[in-house]
Each structure stands twice: as structure tokens, then as C-alpha cells.
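Asker: generate a structure from the sequence data that follows.
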Amino acid sequence: MDNEKILNKIWSLKKKNSTISDIHQLCGTITDAIIKFSMKKDSVDNVSVIFVAFKNFENKMKDPNFEYHYQTKCQDIQENYDLSTM
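Answerer: Just a heads-up that it's a prediction; the model follows:
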């Protein structure tokens, strides 16, 4: 599975006009959904998920006006990318 499919799966759990009150329960739901989604794609060998939710993610999930649109594009950072110049 590629990163874009995983991100779309995570964000698809949030619908407009809905809020998430328990971020810990949501994270559990997300990890279960990713594992099940992976297994449906025949990725059954050593499937494991580590999901880290930052404060911004929690804020978006609690915002009833937020709705995700499938436009996320993931890019790999080249090995020689120097983060100290930013």
C-alpha cells in the first residue's frame, strides 16, 4: 500500500458536521481500519501499524466544519535534503 491510500483511508473516517470526542478511541479505530484495509489488499505478511496523532490532527477531528478532500499528495524527501537550511 502506498502512503496516499493510507492517508485517504485515515481522513475518510472524518465526515463534515461530525466531531470526535475521544481521540484515543479514534486512534484505535484508525489502526484497526488500516490493518483491515491492508489485509484486503493481500498484505498479510507481518502487518503492524504505529499511528501518531499530533494536536493538529485532534483539532481537525473535533472541528465539525472540517471535511477532508482527496487531494493529498505524498512526496519522498531525498536523502541529501538538508533540513537545517529551513
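Asker: for the protein, name the helix or strand with the lowest mean pLDDT.
Answerer: helix 3-11 (a mean of 79; mean pLDDT, DSSP states H and E).
Asker: need the next SSE after that one, C-terminal direction.
Answerer: Scanning forward in sequence from helix 3-11 by DSSP states H and E, the next helix or strand is helix 23-40.
Asker: which residues outside that following helix are in contact with it?
Answerer: Outside helix 23-40, the residues that touch it by C-beta atoms under 8 Å, 6 or more residues apart in numbering are 1, 5-6, 9-10, 13, 20, 44, 47-49, 51, 53, 58, 61. C-beta here means a position set from N, CA and C on the backbone, and glycine is covered the same way.
Asker: buried sites along the next helix or strand after it?
Answerer: Next in sequence after helix 23-40, counting helices and strands by DSSP H and E, comes helix 55-62. For helix 55-62, the neighbour count (16 or more other C-beta atoms under 10 Å) marks 57, 60-61 as buried.
Asker: next: stretch 33-49.
Answerer: 33-34, 37-38.
Asker: pLDDT at the closest residue in space to S48 that isn't next to it in sequence, what is it?
Answerer: Nearest non-adjacent residue to S48, counting by C-beta to C-beta, 6 or more residues apart in numbering: I35, 7.9 Å away. With respect to pLDDT, I35 scores 85.
Asker: over to Y70?
Answerer: pLDDT at Y70 comes out at 68.
Asker: same thing with L83?
Answerer: So L83 comes in at 61 (pLDDT).
Asker: repeat for N56
Answerer: Listed pLDDT for N56 reads 88.
Asker: likewise for the one 3 residues further on?
Answerer: N59 is assigned a predicted lDDT (pLDDT) of 88.
Asker: I'd like the distance between it and K41.
Answerer: N59 sits 30 Å away from K41, taking C-beta to C-beta, to the nearest Å as the criterion.
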